[in-house]
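Visitor: sequence and predicted structure are below.
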Amino acid sequence: MATSTHKLSAHQVSGPIGYLNGTFAELKDLHVSVLDRGFLYGDGCYEVIPAYSKKPFLLEPHLDRLVKNLAKIRIPLTHSLEEITGIISELLALSTSEFNYIYLQYTRGTYPTREHVFPAVIQPSLFAYAMPFTPPTLETSSRGLKAITAKDIRWDRCDIKSVSLLGNILLRQQSQDLNADETILLRDGYVTEASVSNVFIVKSETILTPPLSYQLLPGITRGLVIELAKEQGILCQETPITEAQLKDADEIWVTSSTKEIMPISTLNGENVGTFPKKPVWERLFKAYQARKNA
Ligand code: PDD
């Protein structure tokens, strides 16, 4: 059950807007308790949903993944999908930007004491905000991102979009420290995903991406890229990718809701395959833009 909402009007707003358990306010004015289990344990899950011209993109699969993740971690969904959609619409209406991403987070909630075991009655906390962002363009994406590889040190349920992101942030920082933009992760010699995105490679005009498992997030962008490749008549295989195949790829891409499809220019400082030529990426990038504008 959702609590009653306290609304803002657009003229009251100067910074990014958030929603916390029934209250809309500027993000800087929203506060959670130190006893919230999201704060104490990272006990929750989240979604990041892009919105173009104030319209959420691929909202249905994002909400579907949220519902599935909540079930996996046994947090009850206390809002209807219509209520959540209404909160998102309100945040987008209040945003001063046409382009935003929506952050949506459910934690197990706040209780009087810190106790690992779930409370008998779970009263989750719902937090959301709209953050202005600049979507990638053909020009900005064409420059590519620098990536490094690192051992995937995370737990064995990376299919859950958990707010416990310590592994991911340590891995992302590794690339930052080397002046790179993303870290591609290897587990037992195979690519899983990257620290904040999924991974695709192209070899001899075939697209390859690791199959879904507990070791990677079922990215919404990943799903759309697979669908668009089929539409374009390009062979796309969900198949294990070895470190050797990654290093020998013609093209490497990473995908996420905010990066969309980004080509990788260098891997561990070495030029990737045919980069800056990336003909398969260009077809998929255009197909993705067409789907966004549809
Ligand atoms: N993260 N894998 C990981 C580890 C991610 O963090 C993300 C995205 C993805 C791509 O998922 P999607 O296509 O559904 O965005 C894959 C978001 C954007 C974030 O944490 O900010």
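Guide: Yep, that arrived. Numbering: from 1, shown residues only.
Visitor: just for the stretch 51-200 of the chain, where's the confidence low?
Guide: Applying pLDDT under 70 to the stretch 51-200 of the chain flags no residue at all.
Visitor: so which bits of it are right by the ligand?
Guide: The stretch 51-200 of the chain has residues 168, 193, 196-198 near the ligand, with proximity defined as CB under 6 Å from any ligand atom. Glycine gets a C-beta too; all of them are placed from N, C-alpha and C.
Visitor: max pairwise distance over these: which two?
Guide: Farthest apart among those by CB to CB are 168 and 198. That separation is 12.9 Å.
Visitor: out of the two, which sits in the more crowded spot?
Guide: Using other CB atoms under 10 Å as the criterion, residue 168 and residue 198 rank with residue 198 on top: 26 against 20.
Visitor: residue contacts, the more buried one?
Guide: 209, 216-217, 219, 221-222, 254-256 (CB atoms under 8 Å, 6 or more residues apart in numbering).
Visitor: those residues into a markdown table, with extra columns for secondary structure?
Guide: Output for the contacts of residue 198, formatted as a markdown table (DSSP: H, G, I helix; E, B strand; the rest coil):
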| residue | secondary structure |
| --- | --- |
| 209 | strand |
| 216 | coil |
| 217 | coil |
| 219 | coil |
| 221 | helix |
| 222 | helix |
| 254 | strand |
| 255 | strand |
| 256 | strand |
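Visitor: restrict those to contacts with the ligand.
Guide: 217, 219, 221-222, 255-256.
Visitor: just send the residues you listed back as JSON lines, with neighbour count, distance to residue 155 and pLDDT too.
Guide: Shown next, in JSON lines, are those (neighbours: other CB atoms under 10 Å; distance: CB to CB, whole Å; pLDDT from 0 to 100):
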{"residue": "217", "neighbour count": "21", "distance to residue 155": "13", "pLDDT": "98"}
{"residue": "219", "neighbour count": "23", "distance to residue 155": "18", "pLDDT": "98"}
{"residue": "221", "neighbour count": "22", "distance to residue 155": "23", "pLDDT": "98"}
{"residue": "222", "neighbour count": "24", "distance to residue 155": "20", "pLDDT": "98"}
{"residue": "255", "neighbour count": "25", "distance to residue 155": "22", "pLDDT": "98"}
{"residue": "256", "neighbour count": "21", "distance to residue 155": "20", "pLDDT": "98"}
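Visitor: closest one of these to residue 118?
Guide: The closest of these to residue 118 turns out to be residue 217 (CB to CB; 23.8 Å).
Visitor: what packs against the helix or strand containing residue 106?
Guide: Taking DSSP states H and E as the criterion, residue 106 maps to strand 100-107. If contacts are counted by 3 or more CB pairs under 8 Å, 6 or more residues apart in numbering; DSSP states H and E, strand 100-107 sits against helix 37-41, strand 44-52, helix 59-72, helix 81-94, strand 125-132.
Visitor: for that strand, output the C-alpha coordinates as PDB.
Guide: Taking Å, rounded to 0.1, in the frame of the first residue of the first chain, the C-alpha atoms of strand 100-107 are listed here in PDB:
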ATOM      1  CA  ASN A 100      16.300  12.300 -17.700                       C
ATOM      2  CA  TYR A 101      17.000   9.000 -16.200                       C
ATOM      3  CA  ILE A 102      14.700   7.700 -13.500                       C
ATOM      4  CA  TYR A 103      16.400   6.000 -10.500                       C
ATOM      5  CA  LEU A 104      14.000   3.700  -8.600                       C
ATOM      6  CA  GLN A 105      15.000   1.900  -5.500                       C
ATOM      7  CA  TYR A 106      13.200  -0.400  -3.100                       C
ATOM      8  CA  THR A 107      14.900  -1.300   0.200                       C
END
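Visitor: that strand pairs with which strands, parallel or anti?
Guide: Using DSSP bridges, strand 100-107 pairs in its sheet with strand 44-52 (antiparallel), strand 125-132 (antiparallel).
Visitor: let me see the contact set for residue 257.
Guide: Under the criterion of CB under 8 Å, 6+ apart, the neighbours of residue 257 are 48-50, 57-58, 62, 101, 219-221.
Visitor: ok, now with 10 Å
Guide: Shown in contact with residue 257 (CB atoms under 10 Å, 6 or more residues apart in numbering): 47-51, 57-58, 62, 101-102, 133, 197, 219-221, 224.
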